[in-house]
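Engineer: Got a predicted structure plus its sequence, pasted below:
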Amino acid sequence: MKSLGSIRRSFAPWNDPSAKPYISFENVTKVFGDFTAVDNLTLHIYEREFFALLGGSGSGKSTLLRMLAGFDEPTKGRILLDGQDLRGIPPYKRPLNMMFQSYALFPHMTVESNIGFGLKQEGVPKAEIEARVAEMLKLVKLEQFGKRKPHQLSGGQRQRVALARAVAKRPKVLLLDEPLGALDKKLREETQFELMDLQQSLGLTFVIVTHDQEEAMTMADRIAILDKGNLMQVATPAEIYEAPASRFVANFVGNVNMFEGTVAAREAATARITGASGAQILVENAGDAAAGNTVAFAVRPEKIKVSSKRPEGTVNAMQGEVYDLAYLGDMTVYHVRLDDGQVVKASALNSSRVTDDPLTWNDRAWISFQPDAGVVLTR
Amino acid sequence: MAEATASLSSAAQPAAPSFGDRMFQALTSRLVIIVPYLWLLLFFLIPFVIVFRISLSQTAIAMPPYTPVFSLQDGLAAFFDQLRELNFDNYVWLTEDPLYFNAYVSSVWIAAVSTFFALLVGYPVAYGMARAPAAWRPTLLMLVILPFWTSFLIRVYAWMGILKPEGLLNQLLLSLNVIDTPLLIMNTHTAIFIGIVYSYLPFMILPLYSALEKMDYSLIEAAQDLGCTPISAFWKITFPLSLPGVIAGCMLVFIPAVGEFVIPDLLGGSQTLMIGKTLWNEFFANRDWPVSSAVAVILLLLLIVPIMIFQFAQARAQEQGR
């Protein structure tokens, strides 16, 4: 059986029509003054899902999270949590906790008091608070730091305290606002996997806001791509990458080559696209594109092959000149300027140490790809 | 980034700084510290030593009105003789007459009550300013400082016009039929409280504002997210974090209020007992410089305790802010 991406997911409630969404944004609009931060958006998140809201600044992703936490109320529409309308419920009565981008650790309290703060508010007995705090400290591997104040911790340690504090109350949903933004790259990558393990072991629903597509791809079960308050696509990382719904999504996530053109002929499984220069390509995954439509065929760089001779048996091949090269060790990146002027990015995995078809700058070269190497985009 | 530029600049000057350069640098850095110390020495320590010395003298009808007057013209022996004349009689006198003790206690009490009310009024003002849109804040700050542009004395006189039995306040309340006989505020402690709170309010607001303004609002959101109502978030997060500002504001009001002279004199009437007024009377009415100096020295010692608390709080706040 063919499947997108390299991962087979057993957890996919969004494909199950009988599954009930846990969090629902229904036609939510949020206006600040004359700025529409979120525009009539509908989105469903399922229980135990690791859900990422991905977008640039001003895309409305943080506003969505803040509305869910209760710091902002939607101007129009409603937000449901487990079937309950959240309108009018103040943040301190919502069964979800948030991990803040700035961590927002209370500077005048020790790590222990920070973690135990929510439990103390709830009126949990002291012995139980102590036990839970100890458990949380162990979970984030900060057993020795309970008596410290936040300013005596490193950035990574503060991040873990913020996480421990947010999960100490065992919320149903954990909201994470750019949780790894302040960490350096290496620590960020480690923490990504820690977060995923934590989500698995606690069985919580995570909603994370991020502008880092790699972070979203790594951690999330599903990603919502947002732009200017609109939802562009909601799908698994593999679908977002291999089957983007629009030019915006294809460009936003990863690198992509766009072959713009008009559909010359359309058959059941395939379509023929004529480019501006008259070159034709034969493609699959044409969706609802009909003859005459202006479309783009989006192909990721690693699906394009670069060779000095025209490969035999390939339907789609174009000639050009090697314009730029970068050897990255694990792979080599080629920029090939086609004869019609378009620069095509291609990358080849260096799966063997030697190659019998080495290329250099300004070499004539062929790029080629299979009809199913990309998707046809009408939007 | 900073490290990178630092290493770059050190790379730019390959030779180690010469001995002369280092001496010059050490000297200039000392010089910077010397200036404030010199200031304190000239205008604080030396006057204090003079006052302290006068407090050990005896009053006399002379110019200046105390003995002994030191001079080295009569030789060293006479100088030491004069030195032996100094004693602590004036301090003993302060303990014998209950007037002084009562004046100290009354001063501290009036200052404490005024400070409390200044905090009560100043905190909401500072909080409102700190939460106001950023564009408004400079204007609001300006409005707080604005009264300083008018003479302090004139502003206190204005309060006489407001508070006296036939003053503006009573006229207003009478015309609104809130009261039917004029309120007697003038020449009471209430008038002094009003005067001190009004005069020193900016000193309360400014440190509170600076403490509240730099507070990260996401702390309040985090507290609410963890189950705090807005009111309990205020008491558990906002207020403790503004404590350095509270302490600074209280000290800035309390310390000068203890020694306040003009306000009790103009608004408090003749029966008000405050140490500043006692000091003024001793000095100008009785012309007893030694006793008034002793009063001043004791006042200073009394205030050193709150000043030390203030210093300690400041140091701790700086450490926390790091």
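Structural biologist: Right, received. Where do you want to start? Owing to the predicted nature of the structure, the values given are computational and were not obtained by experimental measurement. Residues are numbered from 1 along each chain as shown, chains lettered A, B, ... in the order given.

Engineer: hey, where'd the helices end up in the stretch 1-150 of chain A?
Structural biologist: Applying DSSP state H, counting those that start in this stretch to the stretch 1-150 of chain A gives helices spanning A:61-69, A:111-122, A:126-139.

Engineer: helices or strands up against the last one?
Structural biologist: Counting contacts by 3 or more CB pairs under 8 Å, 6 or more residues apart in numbering or on different chains; DSSP states H and E, helix A:126-139 is packed against helix A:111-122, helix A:155-167. C-beta: built from backbone N, CA, C; applies to glycine.

Engineer: gap between that helix and the chain center?
Structural biologist: 33 Å (CA atoms, centre = their mean, to the nearest Å).

Engineer: who's in contact with A:Gly58?
Structural biologist: A:37, A:228 (CB atoms under 8 Å, 6 or more residues apart in numbering or on different chains).

Engineer: where does the chain dip in pLDDT?
Structural biologist: Using chain A here. A:1-2, A:6 (pLDDT under 70).

Engineer: Chain B is the one I meant
Structural biologist: Those would be B:1-17, B:71-72, B:317-322, if you go by pLDDT under 70 across chain B.

Engineer: Near chain A, which residues of it? Just list them.
Structural biologist: B:216, B:218-219, B:221-229, B:232, B:237, B:240-241, B:320, B:322 (CB under 8 Å from any CB of the partner chain).

Engineer: Spatially central residue in chain A, please.
Structural biologist: Of all residues in chain A, the one closest to the mean position by CA atoms, centre = their mean is A:Ala216, 3.2 Å from it.

Engineer: hang on, isn't it packed against A:Ala52?
Structural biologist: Yes: assessed by CB atoms under 8 Å, A:Ala216 is found in contact with A:Ala52 at 3.9 Å.

Engineer: joint contacts of the two?
Structural biologist: A:208, A:210, A:223.

Engineer: Can I have the buried ones of those as a ChimeraX selection?
Structural biologist: Here is the ChimeraX selection string for the buried members of the shared contacts of A:Ala216 and A:Ala52, based on 16 or more other CB atoms under 10 Å in any protein chain shown:
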select /A:208,210,223
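
Engineer: Tell me the one of the shared contacts of A:Ala216 and A:Ala52 nearest chain B?
Structural biologist: In terms of CB to the nearest CB, no member of the shared contacts of A:Ala216 and A:Ala52 lies closer to chain B than A:Ile208, at 15.7 Å.

Engineer: Could I get the phi/psi values of the closest one?
Structural biologist: phi -120, psi 140 (degrees, to the nearest 10).

Engineer: For beta bridges, what are the partners of it?
Structural biologist: A:Ala52, A:Leu176 (DSSP bridges).

Engineer: what sits against it?
Structural biologist: For A:Ile208, the contact set (CB under 8 Å, 6+ apart) comprises A:50-53, A:175-176, A:179, A:215-216, A:219-220.

Engineer: now with 7 Å?
Structural biologist: Residues near A:Ile208 by CB atoms under 7 Å, 6 or more residues apart in numbering or on different chains: A:52, A:176, A:179, A:219-220.

Engineer: what would those residues look like in TSV with neighbour count?
Structural biologist: Shown next, in TSV, are these (neighbours: other CB atoms under 10 Å in any protein chain shown):
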residue	neighbour count
A:Ala52	28
A:Leu176	26
A:Pro179	28
A:Met219	24
A:Ala220	23
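
Engineer: Between all of these, which two are at the greatest distance?
Structural biologist: A:Pro179 and A:Ala220 (12.6 Å; CB to CB).

Engineer: thinking again about what came up before, chain B: which of the contacts of A:Ile208 is nearest?
Structural biologist: Nearest member of those to chain B, counting by CB to the nearest CB, is A:Leu176, at 12.2 Å.

Engineer: Next one: the residue nearest to B:Gly227 when sequence neighbours are not counted relative to B:Leu273, how far apart?
Structural biologist: Closest residue in space to B:Gly227, ignoring its immediate chain neighbours: A:Gln121 at 3.6 Å, by CB to CB, 6 or more residues apart in numbering or on different chains. Going from A:Gln121 to B:Leu273 by CB to CB, to the nearest Å gives 49 Å.

Engineer: same thing with B:Leu267?
Structural biologist: 14 Å.

Engineer: before we move on, what about A:Thr294?
Structural biologist: As judged by CB to CB, A:Thr294 and B:Leu273 stand 93 Å apart.

Engineer: show me the contacts for residue 90.
Structural biologist: Let's take chain A. Neighbour list for A:Pro90: A:Gly70 [criterion: CB under 7 Å, 6+ apart].

Engineer: nope, chain B please
Structural biologist: Going by CB under 7 Å, 6+ apart, the list of residues near B:Asn90 reads B:55, B:290-291, B:294.

Engineer: Which members of the residues you listed are the farthest-apart pair?
Structural biologist: Farthest-apart pair in the contacts of B:Asn90 is B:Ser55 and B:Val291; separation 7.9 Å (CB to CB).

Engineer: Alpha carbons only: can I get stretch B:297-307 in CSV?
Structural biologist: The C-alpha trace of stretch B:297-307 is given here as CSV (Å, rounded to 0.1, in the frame of the first residue of the first chain):
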residue,chain,number,x,y,z
VAL,B,297,21.4,64.4,65.8
ILE,B,298,18.9,62.2,67.6
LEU,B,299,16.5,62.6,64.7
LEU,B,300,19.2,61.5,62.3
LEU,B,301,19.9,58.4,64.4
LEU,B,302,16.2,57.6,64.5
LEU,B,303,16.0,57.8,60.7
ILE,B,304,19.1,55.8,60.1
VAL,B,305,17.2,52.6,60.8
PRO,B,306,14.6,53.1,58.1
ILE,B,307,17.4,54.3,55.7
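
Engineer: Could you give the separation of that stretch from the chain centroid?
Structural biologist: Chain-centre distance of stretch B:297-307: 11 Å, with CA atoms, centre = their mean.

Engineer: Can you list phi and psi of A:Tyr327 for me?
Structural biologist: Backbone torsions for A:Tyr327, taken as degrees, to the nearest 10, come to phi -100, psi 110.

Engineer: Who is it paired with across the strands?
Structural biologist: Following DSSP bridges, A:Tyr327 is listed with bridge partners A:Thr332.

Engineer: Select only the buried ones of the residues of chain B next to chain A in ChimeraX?
Structural biologist: In ChimeraX syntax, the buried subset of the residues of chain B next to chain A is picked out as below (16+ other CB under 10 Å):
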select /B:216,218,219,221,222,223,224,225,226,227,228,237,241
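
Engineer: The residue nearest to B:Gly227 against B:Asp225, yeah?
Structural biologist: No: at 10.3 Å, A:Gln121 does not count as touching B:Asp225 under the criterion of CB atoms under 7 Å.
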